[in-house]
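**Q** All I have is the shape, not the residue letters:
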């Protein structure tokens with residue numbers, strides 16, 4: 001969301017913009033690292049395009065994806081932080097040709113995030129937000145905003161270990177897998193993916209998620225080893 005990007009850009013006073021594929025890519029520095037900051041776009045296709053441009057045009061060596069998500073597991077709550085260890089497209093279904101959730105021709109449904117980046121991200125989230133609960137596990141993605149208790153229960157019953165649901169992460173994970181680019185993902189829980197999910201969503205992004213994203217990104221880049 002724009003509010004999250006704006007909070008990060010406030011930490012990049014030297015950033016300048018380049019427009020590619022209808023997107024604005026902000027190139028600059030943050031805590032001593034060369035950084036490209038950009039909105040992923042909403043949905044899996046938009047996110048995959050953005051990730052591909054980052055790799056092909058800007059030659060990024062790693063990707064850190066932040067945003068909001070709906071909580072699925074019973075023990076995750078509004079305002080918690082979920083760091084993804086693996087991602088899956090919950091609306092991928094090419095059966096009976098391939099098993100449900102499996103990406104055709106790749107032989108896998110789950111894409112793991114980079115272990116070292118993920119460990120650093122978990123530490124960074126805990127340090128940056130000492131009052132927030134930080135979880136790690138599976139995040140699922142699909143081209144729908146899950147906002148009904150019935151749909152949430154269905155996802156929980158079918159993908160029992162999913163902690164949160166959103167609309168982009170698994171697409172980025174597939175692109176990063178194809179290019180062998182390390183990826184880390186962190187989501188702030190804006191709702192419980194139920195009938196009240198749409199209530200005050202934008203206000204939450206403005207008041208909470210944007211602040212969380214900037215704090216986590218800044219702390220991550222403070223801890224992550226500098227190149228050169």
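**A** Thanks, I have it. Please read these numbers as outputs of a predicted model, since none were measured by experiment.
**Q** Show me what the helix or strand of the chain with the lowest mean pLDDT is packed up against.
**A** Lowest mean confidence among the helices and strands of the chain (mean pLDDT, DSSP states H and E): helix 201-204, at a mean of 72. Under the contact criterion of 3 or more Cβ pairs under 8 Å, 6 or more residues apart in numbering; DSSP states H and E, helix 201-204 touches strand 183-191. (Glycine included, C-beta is placed from N, CA and C.)
**Q** need the next SSE after the least confident helix or strand of the chain, C-terminal direction.
**A** For helix 201-204, the following helix or strand on the C-terminal side (DSSP states H and E) is helix 210-223.
**Q** That following helix: which residues count as buried?
**A** Buried residues in helix 210-223, counted by 16 or more other Cβ atoms under 10 Å: 210-221.
**Q** on that earlier part again, which residues does the least confident helix or strand of the chain contact?
**A** 1, 68, 190-191 (Cβ atoms under 8 Å, 6 or more residues apart in numbering).
**Q** Next up, phi/psi of the residue of the chain most remote from its centre, please.
**A** Centroid-distance maximum for the chain: residue 96 at 29.8 Å, with Cα atoms, centre = their mean. When read as degrees, to the nearest 10, the backbone of residue 96 gives phi -90, psi 10.
**Q** Now tabulate the contacts of helix 201-204 in TSV and tack on distance to residue 151, pLDDT and neighbour count.
**A** TSV is the format used below for those (distance: Cβ to Cβ, whole Å; pLDDT from 0 to 100; neighbours: other Cβ atoms under 10 Å):
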residue	distance to residue 151	pLDDT	neighbour count
1	22	84	20
68	17	91	22
190	16	84	25
191	13	76	22
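**Q** Quick check: residue 102 vs residue 138, distance?
**A** 15 Å (Cβ to Cβ, to the nearest Å).
**Q** likewise residue 146?
**A** Residue 146 is 15 Å from residue 138, where distance means Cβ to Cβ.
**Q** more crowded one of these two?
**A** Set residue 146 next to residue 138 and count neighbours by other Cβ atoms under 10 Å: residue 146 wins out with 24 against 20.
**Q** Just to check, that one is in contact with residue 152?
**A** Yes: Residue 146 is within contact range of residue 152, at 5.9 Å (criterion: Cβ atoms under 8 Å).
**Q** what residues does stretch 118-127 touch?
**A** Contacts for stretch 118-127 (Cβ under 8 Å, 6+ apart): 64, 81, 83-85, 132, 134, 136, 184, 186, 216, 219-220, 222-224.
**Q** Can you get me a residue count around residue 13?
**A** Around residue 13 there are 9 other residues, counting by other Cβ under 10 Å.
**Q** So it, which state does it fall into?
**A** coil (DSSP: H, G, I helix; E, B strand; the rest coil).
**Q** What sits closest to it if chain neighbours are left out?
**A** Using Cβ to Cβ, 6 or more residues apart in numbering and skipping the chain neighbours, the partner closest in space to residue 13 is residue 28 (7.6 Å).
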